[in-house]
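What shape does this take:
(4 chains)
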Protein chains: 2
Amino acid sequence: MATAQTETGTPRQRYRAQVQEEIKKHAWEQIATAGASALSLNAVAKQMGMSGPALYRYFANRDELITELIRDAYQSLADTIHAAAADGADLRGLAQALRTWALADPQRYLLLYGTPVPGYHAPEDTTRLTSEVMTALLDASDAEGLGAMPPSPLQEHLAEHRGWAGAHPADPAALHRAVIFWTRMHGVLSLELAGHFDGMGFDPAQLYAAEVEAVVGG
Amino acid sequence: MATAQTETGTPRQRYRAQVQEEIKKHAWEQIATAGASALSLNAVAKQMGMSGPALYRYFANRDELITELIRDAYQSLADTIHAAAADGADLRGLAQALRTWALADPQRYLLLYGTPVPGYHAPEDTTRLTSEVMTALLDASDAEGLGAMPPSPLQEHLAEHRGWAGAHPADPAALHRAVIFWTRMHGVLSLELAGHFDGMGFDPAQLYAAEVEAVVGG
DNA sequence: TTGTGTTCGTTAGAAGTTATAACACCGAAC
DNA sequence: GTTCGGTGTTATAACTTCTAACGAACACAA
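Predicted coordinates for the structure are as follows:
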């Protein structure tokens, strides 16, 4: 887990890890209420009873702190999906786990899949976590008992460009299913979290459920 | 169009509208390269050879400028969709127009449909533009020659909560089709614009085309 | 043509931000 | 016990948004 290092090393290292965790905790609280763009290192420091510049002993700058938060968010998502998959969840189960995770902290989801800062590039190890999630998705998309996926130009194209699937033995139909699972669930979730369904009256959960069935069933 | 008022009114009003347009032009340039969160009124003023505070004669604050940009973006999107519909475009044509519009200026799309500022609420007239777009979408979704949409719990639910469709006479299947057109196209577009497909190797255009066919055909 | 008032742009300044530099201190190791 | 690395401090620079006060330019009206 993210707090694993808190219990190892010298007292100095333990203290350092502990303070780092507390900084991230307060940063998450700020992000949850005002969004990532409003995250203020000064405000975090004040909340902790420290002076502003003290935080720079723990994070080189604002970007590094946010990068660390993104890393933790990816880890949390990967843990969630992995746990669901380990519990034997099928595509429906993964979809449910994903939605619950997203609604639990909308700004956390948007930090990963919302508007990116143009210059920013994700660190190397987040791509590892992403491909872990993708593997779980491909496993569930390659399972038995799913609706038919008639051959299509897209499946052919995906089969020819399957580098993103790594060494996963999923067939073209499963590649297709995994991709549209991702894009369709994200389509509903991101619009819901951004509040674009707010005045419309219908229940996003029912739309989400219908989209899950559309992916699972065919 | 947005510049209509530039040519009317007193010389003072004309000058004012002209400066306002120029401010917005420079603001868009900044947003396109660095994102909306990095928009600096001071930098815009400098680019125009003015002092920072001078801009406050034209926009009360940063939020008001951004709100105006959002309004213009909605207007541009509505114009684009409307023009396509007037040209007789079907659902496929609208999808093509939407994608072209989004790729022309990714940050403009993300300003409308990306991560929102938690406190922010869209002004009244943007909802008018949104419903204009929705009407075009419902028209195209209610047309002849589209694939079958078998009855579903979601269609029933949408038929019971169709306030967002206004007085449009679309049947439940068309309501369903319009909604999933929106969410699925947004799902692919937003992930593509955010760069989440970047290292994956496949062509987002082919995925988009396949999703269009999935919505049109059934 | 000569007021008169509105509008515009300026500088000055307050309050906030990120981030660096120099200094003091405290604790751990030798 | 002394030394030394790590931590937190204040001071400071360079930004940001935004307000206030002043001067100048312009439109309009007597």
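
For chain A, what lies in contact range of DNA strand D?
Within chain A, the residues that sit near DNA strand D (CB under 7 Å from any atom of the strand) are A:12, A:15-16, A:19, A:49-54, A:57-58. All C-beta spots, glycine's among them, are computed from the backbone N, C-alpha and C.

so which pair among those residues is furthest apart in space?
A:Arg12 and A:Gly52 (22.4 Å; CB to CB).

domains of chain A?
Listed by automatic domain parsing, the domain ranges of chain A are A:1-60, A:70-217.

what's the most buried one of these?
Among the domains of chain A, ranked by average contacts under mean count of other CB atoms under 10 Å in any protein chain shown, first place goes to domain A:70-217 (a mean of 18).

And for the residue of chain A found nearest chain B, nearest residue in space, chain neighbours not counted?
Among the residues of chain A, A:Gly187 lies closest to chain B, at 2.6 Å counting by CB to the nearest CB. Nearest residue to A:Gly187 in three dimensions, chain neighbours excluded: B:Gly187, at 2.6 Å (CB to CB, 6 or more residues apart in numbering or on different chains).

List the residues that contact the one you found.
Neighbour list for B:Gly187: A:182-188, A:190, B:211 [criterion: CB atoms under 8 Å, 6 or more residues apart in numbering or on different chains].

Hmm, A:Ala97 is touching A:Asp79, no?
No - between A:Ala97 and A:Asp79 there is no contact under CB atoms under 8 Å: 10.3 Å.

show me where chain A has strands.
For chain A, applying DSSP state E gives no strands.

What parts of it come near DNA strand C?
So chain A meets DNA strand C at A:10-12, A:39-43, A:52-53, A:56, A:60-63 (CB under 7 Å from any atom of the strand).

need the contact list for the residue lying closest to A:Arg184 once chain neighbours are set aside.
Residue nearest to A:Arg184 in three dimensions, not counting chain neighbours: A:Glu211, with 4.9 Å by CB to CB, 6+ apart. Contacts were defined as CB under 8 Å, 6+ apart; by that measure A:Glu211 touches A:184-185, A:187-188, B:180, B:183.

from these, which is closest to B:Glu132?
For these, the nearest to B:Glu132 is B:Thr183 (18.9 Å; CB to CB).

Find the residue ranges of chain A scoring beneath the pLDDT cut-off.
Applying pLDDT under 70 to chain A flags the ranges A:1-7, A:218.

ok, 90 please
A:1-12, A:117-124, A:217-218 (pLDDT under 90).

Which parts of it are helices?
A:11-34, A:41-47, A:62-86, A:91-104, A:106-113, A:124-141, A:153-160, A:172-193, A:204-217 (DSSP state H).

now the first one and helix A:106-113, what's the angle there?
Right, the one you point to is helix A:11-34. The directions of helix A:11-34 and helix A:106-113 differ by 100 degrees, with axes from the mean of the first three to the mean of the last three CA atoms, to 10 degrees as the criterion.

how far does helix A:11-34 sit from the chain's center?
20 Å (CA atoms, centre = their mean, to the nearest Å).

Is there any residue in it that contacts chain B?
Yes - residues of helix A:11-34 contacting chain B under CB under 8 Å from any CB of the partner chain: A:33-34.

Can you tell me what sits against that helix?
A:2-3, A:5-9, A:38-40, A:43-44, A:47-48, A:55, A:58-59, A:65, A:68-69, A:72, A:105, A:107-108, A:111, B:118-119.

Tell me what angle it forms with helix A:62-86.
90 degrees.

Wait, A:His157 touches B:Phe202, no?
Yes - assessed by CB under 8 Å, A:His157 is found in contact with B:Phe202 at 6.2 Å.

Against B:Glu124, how distant is A:Gly199?
11 Å (CB to CB, to the nearest Å).

Same check on A:Pro116?
30 Å.

and what of A:His157?
44 Å.

Over to A:Thr100?
34 Å.

so who does the closest residue to A:Leu175 other than its chain neighbours touch?
Excluding the flanking residues, the one nearest A:Leu175 by CB to CB, 6+ apart is A:Leu158, at 4.3 Å. Counting by CB under 8 Å, 6+ apart, A:Leu158 touches A:172, A:175-176, A:179, B:202.

And for A:Asp105?
A:28, A:32.
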